[in-house]
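Trainee: here you go, sequence then predicted model.
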Amino acid sequence: MKKLFSIVLAAVMLLSCTALAEFDKSIPDGTTFTFWYSFSGVNEAKLLEQVRAFEAENPGITVDAQYIGSYNNIHSELANANTAGSGSPALSVINVPRLTSYSKDKLVEDLTPYIEAFADEINFDDFYAGMTDMMNNGGYQAALPFGQSGQIFFYNKTLMKEIGVEFPKTIEEFGPWLKTVYDYTGKTVLDVCGNDNAYFYCLFTNADAYMIDVESNTTGLRSDAALNLIKDLRSWVDAGYIKWVDADVSNTLRLDFTSGECAAMLYTSSSYANYKKVAENGENGVTFEVGIGNQPVGISGRNEQYVAGATLIIPSADCNTQAQKNAAFKLICYLTAPAQQLDWVHTTSYYVTRKSASTDPQYADAYAAVLADLPEMDVLDLNVYVAKTKHELFDKCGDIFEQYMSEIMNNKGDVEENWEIMCDEIDDTLADR
Amino acid sequence: MKKTKAVTIDGRVMHIRREKYYWSDFFLALPAVLLLVLITYYPILELIRISFTDWRLTMTSAPEYVGWKNWTWLFTAKTSIRYLLNSLQVTLVYTVCNIAIDLGFGMLFAHLFNHLTRPFAAMRALVFMPRYIAMSSCGIIFLWMLNTDYGVINKMLEYLGMTEHLNWLGDDNLAMVSILMLTGWHGVGYCMMIYLSALLGISRDYYEASSLDGATGLQQFRYITLPLLSPTTLFLFITTFISSMKVYQSVDVMTGGGPRNKTAVMVYYIYDLAFNDNRIDRSAVTALLFFVILLVVTVSTMRITNRNVHYEA
């Protein structure tokens, strides 16, 4: 009898523990939560339209959507709210590079239990793997992809047809292509965004040169492949083929490209809709068709791009109740659903984050509508979209990389000398962890 | 206690009324003193406390005491020394140039517009007006004006025959010049107004007397105006010095510390440590060091320059 009682008692305790561990996904009526975002203009209008549609579908939930400013502003506000222990939103937009420290410090909720609890509302496997991988640190799913963008080439398609050349697909084809276009136009061929390593870093990793070698905690840029690539880039800058833009980048790139001052540029994919409109309407004096080119295949045989752009996070702050966090996750499910994503992409020209958006027949019409307005989206290969090194000092090292690349490209600094100093400085930074 | 006290003035003993101290005076001043302690001295003490912890901005657990670790990092880590020395040098260069521009042009404009007529009042207003515009807005306007290929400044230089466009914000030396152009344009009006009010306070008698003695305009400026403006100059020097050392917003908007850290002033570096590296602890030690440097330099400057200041006016 005593033995039976002990077994029953143990079973009851085990059951109660299981019950405690079970995720409480309830959202009582009247739940209100705050949502911080960084989008402005037409993107903001579309986001708010989707938020209102979500509220109409879920009358028990009210979303207080607030524009905070840039990603940096949101980061500062989140950190301040974390320190103060109050004022944190239940849902926020943040950019990819912040996620490493956020998940390490557990500033954000691990979304894994939410994904499991709301499995009927979100199909996690439907996201492009590269995107969700980047937001996962050692099993800690810090965020889900939302406004994703990549590092792509825009080019003057009309001009390329006129010259009779195609945009290069490999790094070997790059030099001859630059020369051909330059000989034809006599103008700069390619503007490169030089103040953010995110754009030109792919050229290096596709040559197997990584900024941080995690194993040795030193830079992988101290390689012949990296040095040779820098030498090639510098020779193209010296020849007048490439303009390395490191100040007032956004204005310069937009004006250079849309006014026909350069034939191509390396920048963010999220600018596609805007450039297309300006170029096709001839708003800057030249009318042309805009083409999109993926990263060229490097000596590694790969043409990877890196996950960048906006993600959705749920701050772990105690000032929000579990019900508010659940409601926030429900909004994540809604905003990242294929139908809403296609609607969002149509306005913003961010990448589609869900595989089914382009493959499932139920979204075929919506996808066709996107391609009708933004035909080059079809050129993008989202399967080459991979996670960048998840290292908390990646951005810090990236700043050094950018500075020395500018020194070499624009100040005509000695290539090998500056490359050596750059590698030393990155190594010092990594050692100072 | 006696109501008067004896003091000796010019060899004569005089009895003057003792000052009375009342508790009510103390309590009236107390709120202001408490506010000052709360918003000025408490944060400094808190900064000292933080400098001995491992506080990262994003951490959710309580910061732990780490002793002198952050101070050791500040003075021994290669990265710290490199960025610290660079930002100190950049800040010093900016400060010296900004003081020269603000005080020099401020005094020049004060002399040029020192006439109480309407056209001159309009000119004074024009020079002072930038002060009313937020620095961030001014920064964005300058960003456009200084754009290498499309900016109005380079277009104007092109009309004047300069064929090559200047990379105002991307060139190592020109980036600092660009920031100085912005802050100078923004700040010179204030110095002009202060100098103007000081000029109006100088008695005309000095000038009339010197004219009778045959002094030229330049001599009047050298031997009358300049010495009698010295208290104003000292005041403007100290305030401009402190505000220049703390410059941040214009750098943030215009160059973001670049190119290659050539405009990474001290406050920008401190902000970068706190909000980009998330290292509040390292930011705190750097800020404290900067505070000490600022205090020492300001006090020394006041002591040195006070000897040459004439308060007769």
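Mentor: All right, it came through fine.
Trainee: so where's chain A uncertain?
Mentor: Within chain A, the segments meeting pLDDT under 70 span A:1-21.
Trainee: list the contacts of residue A:130.
Mentor: A:307, A:382, A:383, A:384, A:385, A:386, A:387 (CB atoms under 8 Å, 6 or more residues apart in numbering or on different chains). From N, CA and C alone the C-beta is placed, and that goes for glycine too.
Trainee: where's residue A:229, which helix or strand?
Mentor: Residue A:229 belongs to helix A:224-238 when assigned by DSSP states H and E.
Trainee: next, residue 110: secondary structure please.
Mentor: Using chain A here. Of the three states, residue A:110 takes coil under DSSP: H, G, I helix; E, B strand; the rest coil.
Trainee: for it, give its distance to residue A:274.
Mentor: Separation of residue A:110 from residue A:274 (CB to CB, to the nearest Å): 36 Å.
Trainee: what parts of chain A come near chain B?
Mentor: By CB under 8 Å from any CB of the partner chain, the residues of chain A that approach chain B are A:72, A:75-76, A:79, A:82-83, A:101-102, A:104-107, A:195, A:246-248, A:251-252, A:255-256, A:261, A:316, A:395-396, A:403-404, A:406-407, A:410-411, A:425, A:428-429, A:431-432.
Trainee: make a ChimeraX selection of the buried ones in these.
Mentor: Buried residues among these (16 or more other CB atoms under 10 Å in any protein chain shown), as a ChimeraX selection:
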select /A:75,76,79,82,101,102,104,105,107,195,246,247,248,251,252,255,256,261,316,395,396,403,404,406,407,410,425,428,429
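Trainee: if we can go back for a sec, of the contacts of residue A:130, closest to residue B:298?
Mentor: Closest approach to residue B:298 among the contacts of residue A:130 (CB to CB): residue A:307, at 48.4 Å.
Trainee: and that closest one, its phi and psi?
Mentor: The phi and psi values for residue A:307, taken as degrees, to the nearest 10, are phi -70, psi 120.
Trainee: quick one: it and residue A:389 touch, right?
Mentor: No. Using CB atoms under 8 Å, residue A:307 is not in contact with residue A:389; the gap is 11.5 Å.
Trainee: those two - which one has more neighbours?
Mentor: residue A:307 (24 against 17; other CB atoms under 10 Å in any protein chain shown).
Trainee: separation between the residue sitting nearest the centre point of chain B and chain A?
Mentor: Central residue of chain B (CA atoms, centre = their mean): residue B:243, 2.3 Å from the mean position. Per CB to the nearest CB, to the nearest Å, residue B:243 is found 23 Å from chain A.
Trainee: contacts only, for that residue.
Mentor: Residue B:243 touches residue B:187, counting by CB under 8 Å, 6+ apart.
Trainee: what about it, which helix or strand?
Mentor: Element membership of residue B:243 [criterion: DSSP H and E] is helix B:230-245.
Trainee: the helix or strand that that helix is followed by packs against which elements?
Mentor: Later in the chain than helix B:230-245, the nearest helix or strand by DSSP H and E is helix B:249-254. Contacts defined by 3 or more CB pairs under 8 Å, 6 or more residues apart in numbering or on different chains; DSSP states H and E place helix B:249-254 against helix B:135-145, helix B:174-201, helix B:266-271.
Trainee: can we see that at 7 Å?
Mentor: If you count contacts as 3 or more CB pairs under 7 Å, 6 or more residues apart in numbering or on different chains; DSSP states H and E, helix B:249-254 packs onto helix B:135-145, helix B:174-201.
Trainee: I'd like to know which elements the shortest one is packed against.
Mentor: With contacts defined as 3+ CB pairs under 7 Å, 6+ apart, the packing partners of helix B:135-145 are helix B:174-201, helix B:249-254.
Trainee: and the next element down the chain from it?
Mentor: Later in the chain than helix B:135-145, the nearest helix or strand by DSSP H and E is helix B:152-159.
Trainee: hmm, who's touching that next one?
Mentor: Under the criterion CB atoms under 7 Å, 6 or more residues apart in numbering or on different chains, residues B:145, B:146, B:148, B:165, B:166, B:168 lie in contact with helix B:152-159.
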